[in-house]
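Participant: based on what follows, work out the 3D shape:
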Amino acid sequence: MAKLQNVFSWSHSASGDFELCRRKRYWSKYGAWGGWERDATVECKTAYRLNKMTNRFCLYGIAAEDAVMWMLKQFQQGREVTVQQAYDQVARPLLRQAWDESKGKTWLKRPKASCLHEHYYPQFCDLEDLEIMKAIAKVVNACLENFQQDVWPRLKHVTPDMEIPIAVVGKGDAEHFLLGGMKIYAIPDYVYVEDGSWMIVDWKSGSEKEEHKQQLKLYALWAKVKHGIPPERVKLRLEYLQQGTHHEFSVTEEDLAEVISYIRESVQDMTQYLEDGDIKKNIALPKPEWDLCYEMSICRGCSFFELCRRELKDALGNEVD
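Facilitator: Model (predicted):
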């Protein structure tokens, strides 16, 4: 079998990690690469395992979005399911499995098993397990209730033949497009076509953030580059499930030009941390060249804290503990 190659790629989340902390980007893209190999170093295996870590916020987001899609499909088939049914059949099993794997430290044997930051770094979590479980259930149920009451009425006219298939993470290569030969990941939650226009929808289980609009503009660029859909035929909608609010907006060619400019500037910054600035070889400079952010409010919430702790301790002393 041919050896897997670590190909340079770009995504909205990768750019965010890089801007937040250069070292975090190093660990997730380069330090963790090959961590699944039997002869990988201990550091590499650890980075690979930590790169799979999640937290309660991501967990309830996944549970809510999976349950929402289940409800949508049930409704499309004429089945009048309840919020309780969606929670019991989709969200609860997902949450239970993730919780049990994390608490039982299944990730020690299977690095891809769920590992919650709150369990791995309990010293940085101010909630007890029961409080975390109740908080997750409360958010997921609120998302499902608001989907049923507020979102579904806007989607009830959409039939399966109007939907655009989206390649998701974990099932082959995730949705992407090429920009100058470079792979750009863009994975909308839900897309459908109505009267020749594309509606790109993204579910959000957390609070509203301005960066979410930039993320959807990237999806509009995906529609244009990969599918040839001009911006005047694209509509974007953010559905904030927990709050029961939504925002719908359009984009222009100028907006897409700004997205392209942002991607290129981000890539240019990233290539400064590669040998000879060569994205084709995609070989990272030595780890010390990737700066730590030294912001403990950020470091304590990072999956890779364990790997950076000694350097942080040397620089910041007891502030790290």
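Participant: the protein: strands as residue ranges?
Facilitator: Chain-ordered strands for the chain, with DSSP state E as the definition, fall at 9-11, 176-179, 182-185, 190-194, 197-204, 234-240, 245-250.
Participant: let me have those strands in CSV, extended by distance to residue 138, mean pLDDT and mean neighbour count.
Facilitator: All C-beta spots, glycine's among them, are computed from the backbone N, C-alpha and C. Converted to CSV, the strands of the chain look like this (distance: least, Cβ to Cβ, whole Å; pLDDT from 0 to 100; neighbours: other Cβ atoms under 10 Å):
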stretch, distance to residue 138, mean pLDDT, mean neighbour count
strand 9-11, 30, 96, 19
strand 176-179, 35, 96, 16
strand 182-185, 31, 96, 19
strand 190-194, 24, 97, 17
strand 197-204, 17, 97, 20
strand 234-240, 16, 97, 22
strand 245-250, 18, 96, 14
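Participant: between those strands, which one is nearest to residue 294?
Facilitator: Residue 294 lies closest, by Cβ to Cβ, to one member of the strands of the chain: strand 9-11, at 25.1 Å.
Participant: run through who's touching the closest one.
Facilitator: Counting by Cβ atoms under 8 Å, 6 or more residues apart in numbering, strand 9-11 makes contact with 176, 182, 183, 184, 185, 186, 263, 266, 267, 270, all of which sit outside it.
Participant: strands paired with that strand, and their directions?
Facilitator: Looking at strand 9-11 with DSSP bridges, its paired strands and their directions are strand 182-185 (parallel).
Participant: show me the domain layout of the protein.
Facilitator: 9-158, 160-251 (automatic domain parsing).
Participant: right, and the ones you listed - which one's nearest residue 321?
Facilitator: Closest among the domains of the chain, once you apply Cβ to Cβ, is domain 9-158, at 8.1 Å.
Participant: now the closest one, how far from the centre of its chain.
Facilitator: On the basis of Cα atoms, centre = their mean, to the nearest Å, the separation between the geometric centre of domain 9-158 and that of its chain is 9 Å.
Participant: check stretch 219-229 too.
Facilitator: 20 Å.
Participant: what does it contact?
Facilitator: By Cβ under 8 Å, 6+ apart, the list of residues contacting stretch 219-229 from outside reads 164, 175-179, 184, 186, 188, 191, 198, 200, 202, 230-231, 234, 236, 251, 255-256, 259-260.
Participant: quick one: which of the strands of the chain is nearest residue 72?
Facilitator: Closest to residue 72 of the strands of the chain is strand 190-194 (Cβ to Cβ; 7.9 Å).
Participant: any idea how far the closest residue to residue 12 other than its chain neighbours is from residue 265?
Facilitator: Once flanking residues are discounted, residue 12 sits nearest to residue 215: 5.0 Å by Cβ to Cβ, 6 or more residues apart in numbering. Distance, residue 215 to residue 265, using Cβ to Cβ, to the nearest Å: 17 Å.
Participant: the two: who's more crowded?
Facilitator: Using other Cβ atoms under 10 Å as the criterion, residue 215 and residue 265 rank with residue 215 on top: 21 against 11.
Participant: buried stuff in the top helix by length along the chain?
Facilitator: Scanning the chain for the longest helix, with DSSP state H as the assignment, gives helix 56-76. Within helix 56-76, the residues that count as buried by 16 or more other Cβ atoms under 10 Å are 56, 59-72, 75.
Participant: same check on stretch 24-34?
Facilitator: Using 16+ other Cβ under 10 Å as the burial criterion, the residues of stretch 24-34 that qualify are 24, 25, 26, 27, 28, 29, 30, 31, 32, 33, 34.
Participant: mind putting the residues you listed into TSV with distance to residue 247 and pLDDT?
Facilitator: Below are the buried residues of stretch 24-34 laid out as TSV (distance: Cβ to Cβ, whole Å; pLDDT from 0 to 100):
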residue	distance to residue 247	pLDDT
24	29	98
25	29	97
26	35	98
27	34	98
28	30	97
29	32	97
30	36	98
31	37	98
32	35	97
33	37	97
34	41	95
